[in-house]
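Chemist: Kindly generate the corresponding structure for this input.
(chains A and B)
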Amino acid sequence: MACPLRCNGALKHNTEVAVPTSPSRPLSPHLTIFRWPLSMALSILTRVTGAALAVGLVLLAWWLVALANGPDAFATIDGIVDSWFGGLVLFGFTAALFLHLGNGIRHLAWDMGYGYDAETTHRSGLFVVGFTVAATLLTWIVILAA
Amino acid sequence: MSLATPISRVRGLGSAHAGVSHFKQMRLTAVASIFLSLWFVFSAVGLSGADYTTVAAWLGSTVNATLMILFVLINVWHAALGIQTIIEDYVDQVVVKTASLIALAIVAYGLAAVCSVAILKVALSG
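Modeler: Here you go, the predicted structure:
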């Protein structure tokens, strides 16, 4: 998966290759120099949310083990889940899941050769942002209304 | 200035021939995860605020236990591939990189085993 973050160290492995040492010559693409187009922000966010969701799997394992250990262990973790802090964390995971899911589908379309031109890429990015906000809010409206 | 011949300088820097397999596994687990994740969110919303008995009975159903095991295995697989890519992108030193990849394998296989046993324990005790 092409990601702007990965390009910095591409040439570092082989010391035979001349790595520019002059500070006046930025490595490309450089986070502090380029403005942040939507596609770049989404690319970085997809990787960040992917890493976060991997941590979420560890928390899911904790929850499943507590459930398997019986009512007392489950009550302990349920107290955390039900607190405002637990709710905030779960809200974050909901948004992360929908962003990663939406942009993942965008990536699958790219893999099949669709939507590569700049305008379509920008529009599909906007769609992913809209989908993330709408799906996250809808999910939590249903949870809080119940 | 190295005295190595040009061919010895480039040996080992080419393809590892495992990239296509990684690519395909990433996409297949992604497609599977679309459906499993939607099921997971619907289930989690339905279970919000439920007590122990309700949650245990829910996971005690054969369909839910099967889908939950699939959800965990597919997503641990997908996550392990992703974290592997992140490690390979940002960790430069060979020793640290290898150690990180071994640690990742331990955590991934561990998570898959721990979750599967927990799910089966709930499903088979009900």
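Chemist: residue boundaries of the helices in chain B?
Modeler: Under the criterion DSSP state H, helices of chain B are mapped to B:6-10, B:19-47, B:52-60, B:62-90, B:94-125.
Chemist: now, of the ones you listed, which is deepest in the fold?
Modeler: Using mean count of other Cβ atoms under 10 Å in any protein chain shown, the stretch among the helices of chain B with the largest mean neighbour count is helix B:62-90, at a mean of 18. All C-beta atoms are positioned from the backbone trio N, CA, C, and that covers glycine.
Chemist: Give the rounded mean pLDDT of that one.
Modeler: Averaging pLDDT along helix B:62-90 yields 97.
Chemist: For chain B, which residues are neighbours of chain A?
Modeler: Residues of chain B found near chain A (Cβ under 8 Å from any Cβ of the partner chain) are B:2, B:9, B:13, B:27, B:30-31, B:33-34, B:37, B:41, B:45, B:48-49, B:52, B:55-56, B:59, B:68, B:72, B:75-76, B:79, B:82-83, B:85-86, B:89-90, B:92, B:107, B:111, B:114-115, B:117-119, B:121-122.
Chemist: What separation do you get for B:Phe23 and A:Ala145?
Modeler: Distance, B:Phe23 to A:Ala145, using Cβ to Cβ, to the nearest Å: 42 Å.
Chemist: Now do the nearest residue to B:Leu101 once chain neighbours are set aside against chain A, distance only.
Modeler: Nearest in space to B:Leu101, with sequence neighbours left out and distances taken as Cβ to Cβ, 6 or more residues apart in numbering or on different chains, is B:Ile87 at 6.0 Å. In this view, B:Ile87 and chain A are 11 Å apart by Cβ to the nearest Cβ, to the nearest Å.
Chemist: Surely B:Ile87 touches B:Ala99?
Modeler: No. Assessed by Cβ atoms under 8 Å, B:Ile87 is found out of contact with B:Ala99, at 9.8 Å.
Chemist: thought B:Lys121 was touching A:Ala68?
Modeler: Yes. Applying Cβ under 8 Å as the test, B:Lys121 and A:Ala68 come out as touching, 4.2 Å apart.
Chemist: what residues are up against the residue nearest the centre of chain A?
Modeler: In chain A, the centroid-proximal residue (Cα atoms, centre = their mean) is A:Thr49; its distance is 2.1 Å. Taking Cβ atoms under 8 Å, 6 or more residues apart in numbering or on different chains, we find A:Thr49 in contact with A:Ala96, A:Leu97, A:Leu99, A:His100.
Chemist: Low-confidence stretches in chain A?
Modeler: For chain A, applying pLDDT under 70 flags the ranges A:1-23, A:25-33.
Chemist: now the strands: where do they sit in it?
Modeler: Using DSSP state E, chain A contains no strands.
Chemist: ranges for the helices of it?
Modeler: With DSSP H as the criterion, chain A has helices spanning A:38-68, A:71-82, A:84-111, A:118-145.
Chemist: quick check: angle from the last one to helix B:19-47?
Modeler: Orientation of helix A:118-145 against helix B:19-47 (axes from the mean of the first three to the mean of the last three Cα atoms, to 10 degrees) gives an angle of 30 degrees.
Chemist: Helix A:118-145 and chain B, are they touching?
Modeler: Yes. On the criterion Cβ under 8 Å from any Cβ, helix A:118-145 is in touch with chain B at A:Thr139, A:Val142, A:Ile143.
Chemist: Buried subset of those residues as a ChimeraX selection?
Modeler: Selecting only the buried entries of the residues of helix A:118-145 next to chain B in ChimeraX, with 16 or more other Cβ atoms under 10 Å in any protein chain shown as the criterion:
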select /A:139,143
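Chemist: May I have stretch B:52-63 as PDB, with CA atoms only?
Modeler: The C-alpha trace of stretch B:52-63 is given here as PDB (Å, rounded to 0.1, in the frame of the first residue of the first chain):
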ATOM      1  CA  TYR B  52     -23.800 -11.300  31.800                       C
ATOM      2  CA  THR B  53     -26.600 -13.900  31.200                       C
ATOM      3  CA  THR B  54     -27.700 -12.200  28.000                       C
ATOM      4  CA  VAL B  55     -24.200 -11.800  26.600                       C
ATOM      5  CA  ALA B  56     -23.200 -15.400  27.500                       C
ATOM      6  CA  ALA B  57     -26.400 -16.800  25.900                       C
ATOM      7  CA  TRP B  58     -25.700 -14.700  22.800                       C
ATOM      8  CA  LEU B  59     -22.200 -16.100  22.400                       C
ATOM      9  CA  GLY B  60     -23.500 -19.500  23.400                       C
ATOM     10  CA  SER B  61     -25.400 -19.800  20.100                       C
ATOM     11  CA  THR B  62     -23.600 -21.800  17.500                       C
ATOM     12  CA  VAL B  63     -23.900 -19.200  14.700                       C
END
